[in-house]
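Trainee: Provide a 3D model corresponding to the input given below.
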Amino acid sequence: MPNKTAIVTDTNCGLRPEEAAELGIRVIPMPVILDGECFFEYDSISQAEFFEALKGGAEVSTSQPAPGVIQQCWDAILEDHEELIYIPMSAGLSGECQTALGLAQDYGGRVRVADNRRISVTERQAALDALSLARQGRTAAEIQAFLEADGGNSDIFVAVNTLELLKKSGRVTAAGAALGSMLSIKPVLHVDSEGRLIARSKVRGRVQALRAIAMKFGELEADKDQMIFISHGDCEKDAMVVKETLVKEFGCDPERIILSAVGPVIGSHSGPGTVALFFRGKDRG
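Mentor: Residues are numbered from 1 along each chain as shown. Model prediction:
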């Protein structure tokens, strides 16, 4: 008799396929294009290889998984499961979710797509929450409802080291990017309740930017005993600055602060030197 509900997500969540397999989760590799050649996260390109190419001046862009790739994955899973829940990266940052919603219409209700407006490690946590619920016997529809209701409960603040890639993706104007470079202005970015990346504030200098995202933890009256995640774009020392600030300023347990490197897709937009802080705060407006 087949298992009931399978959990599927994409590699934007930071899970490598072998890690996901051990957990009982399936991941679809996200494409990244370097100098016109397509690679796939954690499959044909590693984090280290990606950042080396990016620092070397490679032209980079991203794409969503091809519809056929998504369907092939779903079809194979549904041979052994009654249904599946698919958790793509936030619809506010990628067209992947809308593509998946369209494809799901051909599966007679056996595929549910949850847009809980998350990226990176928060998307991974959503997949783990979904897995736990599936093991409790919850249906895909029930899991979808939980994830979408819970989606606004994670705050994400980001400090970037360069505005160049954000300028290319239309996140800031060319004039704004040039001004930021001249004045060493660093934007503090936030993923809002709709899953979109917005500028929350600007500070002068790298050190102040790192401190600014850490101090958001206190501003939103976050619980210091929760699990906290810090992702970085090939800059672990800077991620450690944020971690140490959380421990010093708010008494957070260093053992409950997890550091990880961002993958090529997120790195394509944020660039080397990015530090992102993920936690459950007071709101996500």
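Trainee: quick one, helices of this structure?
Mentor: Here the chain has its helices, by DSSP state H, at 17-23, 47-55, 67-78, 96-104, 120-135, 140-150, 164-168, 174-183, 206-219, 236-250, 264-270.
Trainee: worst mean pLDDT among those helices?
Mentor: For the helices of the chain, the weakest mean pLDDT is recorded on helix 174-183, namely a mean of 49.
Trainee: quick one: Ala199 and Asp192, what's the gap?
Mentor: Distance check for Ala199 against Asp192: by CB to CB, to the nearest Å, it reads 11 Å. The C-beta positions use only the backbone N, C-alpha and C, and glycine is treated the same way.
Trainee: for Pro17, same thing?
Mentor: According to CB to CB, Pro17 stands 30 Å off from Asp192.
Trainee: ok so, going back, who's more crowded, Ala199 and Asp192?
Mentor: Between Ala199 and Asp192, counted using other CB atoms under 10 Å, Asp192 has the larger neighbour count: 17 against 14.
Trainee: tell me the confidence at the more buried one?
Mentor: 72.
Trainee: test my guess that it contacts Phe157.
Mentor: No: look at Asp192 against Phe157 with CB atoms under 8 Å: they stay out of range, at 11.1 Å.
Trainee: ok so, going back, most tightly packed of the helices of the chain?
Mentor: The highest mean neighbour count among those belongs to helix 264-270 (a mean of 24), with neighbours defined as mean count of other CB atoms under 10 Å.
Trainee: need the residues that contact that one.
Mentor: Outside of helix 264-270, the residues within contact range by CB atoms under 8 Å, 6 or more residues apart in numbering are 11-12, 30-32, 39, 41, 45, 47, 50-51, 54, 60-62, 119-120, 158, 160, 165-166, 169, 171, 231, 233-234, 262, 274, 276.
Trainee: ditto for stretch 92-104
Mentor: In this structure, residues lying in contact with stretch 92-104 by CB under 8 Å, 6+ apart are 10, 64-65, 67, 70-71, 74, 86, 88-91, 111-113, 115, 117, 119, 191-192, 194-197.
Trainee: which among the residues you listed count as buried?
Mentor: Using 16 or more other CB atoms under 10 Å as the burial test, those include 10, 64-65, 70-71, 74, 86, 88-91, 111-113, 115, 117, 119, 191-192, 195, 197 as buried.
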